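[1] Sequence plus the predicted model coming up.
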Amino acid sequence: MVKIRLMRLGSKRNPHYRVVVVDARKRRSSDYIESLGYFDARQTVEAPLQINNERAEYWLGQGAQPTETVVKLFEQSGVSVPNVLVKRQKGYRARTAKA
């Protein structure tokens, strides 16, 4: 399965994230298929969120599953996330909370 998730970069106490398309079996900071943009959590740059909307919509169309955080970032960036994916993510959270 292909996922769209955050890859942590930066030094200690200075997180920067890259939004990447990666195989779900890979580690957090391992090789990725494609980089879709970046997110600066501390907002130390002029544009803390930069996403390539065309490529993000392409990968969503191919069936890549975004994490909940990435869905929120996509909504801020203006990427149209299908409702099916959002419901699936919320349902997944509810199932793991019970277990």
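    Right, received. Where do you want to start?

[2] Let me know how buried the nearest residue to L9 once chain neighbours are set aside is, in neighbour terms.
    Once flanking residues are discounted, L9 sits nearest to H16: 4.6 Å by C-beta to C-beta, 6 or more residues apart in numbering. Where you see a C-beta, it was placed from the backbone N, CA and C, and this is true even at glycine. Other residues within reach of H16, judged by other C-beta atoms under 10 Å, total 18.

[3] in this structure, which helix or strand is least confident?
    Every helix and strand in the chain was compared by mean pLDDT, DSSP states H and E; the lowest is helix 83-98, with a mean of 61.

[4] quick one: low-confidence parts of this structure?
    Low-confidence segments of the chain, defined by pLDDT under 70, are located at 86-99.

[5] Can you show me the strands along it?
    2-9, 16-23, 34-40, 49-51, 65-66 (DSSP state E).

[6] my guess is L49 contacts E75, does it?
    No - distance between L49 and E75: 10.9 Å, which falls outside the contact criterion (C-beta atoms under 8 Å).

[7] okay, those two: which has more neighbours?
    Set side by side, L49 and E75 show unequal neighbour counts under other C-beta under 10 Å, the larger going to L49 at 17 against 12.

[8] For the more buried one, which non-adjacent residue is closest in space?
    F39 (5.3 Å).

[9] and that neighbour, what does it touch?
    Applying C-beta atoms under 8 Å, 6 or more residues apart in numbering to F39 gives the contacts 6, 16-19, 48-50, 73.

[10] would you list those in JSON lines and tack on distance to W59?
    Below are the contacts of F39 laid out as JSON lines (distance: C-beta to C-beta, whole Å):
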{"residue": "L6", "distance to W59": "14"}
{"residue": "H16", "distance to W59": "21"}
{"residue": "Y17", "distance to W59": "17"}
{"residue": "R18", "distance to W59": "14"}
{"residue": "V19", "distance to W59": "10"}
{"residue": "P48", "distance to W59": "22"}
{"residue": "L49", "distance to W59": "17"}
{"residue": "Q50", "distance to W59": "16"}
{"residue": "L73", "distance to W59": "14"}
